[in-house]
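Engineer: just to be clear, the model below is a prediction. Sequence and coordinates:
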Amino acid sequence: MFKNSRFSTGFVIGFGAGFVSRDLMASSGSVFRPLVKGFLKTGVALAEKGRESLAHVLETVEDLLAEVRSESKPAPAEPPAASPAQPQVKIKVTQ
């Protein structure tokens with residue numbers, strides 16, 4: 001199904017690593033547990049820093065996009081001013 005694909009190779013390697021690590025953890029868990037825990041802590045810290053950096057970049061892009069949109073809008077048309085030469089006529093309707 002996945003002939004010569006990276007997915008199948010990665011899947012097989014990951015599956016095999018899962019079995020090997022399970023056996024290693026069972027036999028010498030006291031040695032590898034702090035090491036794995038340290039890797040996980042580092043991974044979580046890096047993920048948090050990545051999220052913060054991504055949020056900052058997205059905020060900057062949104063600000064730039066809003067600025068470009070506001071500059072792209074045409075200026076509002078001014079209503080024509082009433083000419084002093086034309087008198088304004090008011091009609092009063094009575095019943």
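Structural biologist: Done, it's in.

Engineer: need the helices for the chain, in chain order.
Structural biologist: Shown for the chain, the helices assigned by DSSP state H span residues 6-72.

Engineer: got phi/psi on Val93?
Structural biologist: phi -100, psi 130 (degrees, to the nearest 10).

Engineer: next, count neighbours for it.
Structural biologist: A count of nearby residues for Val93, using other CB atoms under 10 Å, gives 4. All C-beta spots, glycine's among them, are computed from the backbone N, C-alpha and C.

Engineer: again with Leu35
Structural biologist: Residue crowding around Leu35 was assessed by other CB under 10 Å; the count is 9.

Engineer: separation between it and Lys41?
Structural biologist: To Lys41, Leu35 is 11 Å away according to CB to CB, to the nearest Å.

Engineer: go on, Phe11?
Structural biologist: 27 Å.

Engineer: repeat for Gly18
Structural biologist: Noted for Gly18: a distance of 21 Å to Lys41, by CB to CB.

Engineer: what of Leu65?
Structural biologist: The spacing between Leu65 and Lys41, counted by CB to CB, is 36 Å.

Engineer: over to Val31?
Structural biologist: Taken as CB to CB, the span from Val31 to Lys41 is 17 Å.

Engineer: check Ser53 too.
Structural biologist: Taken as CB to CB, the span from Ser53 to Lys41 is 19 Å.
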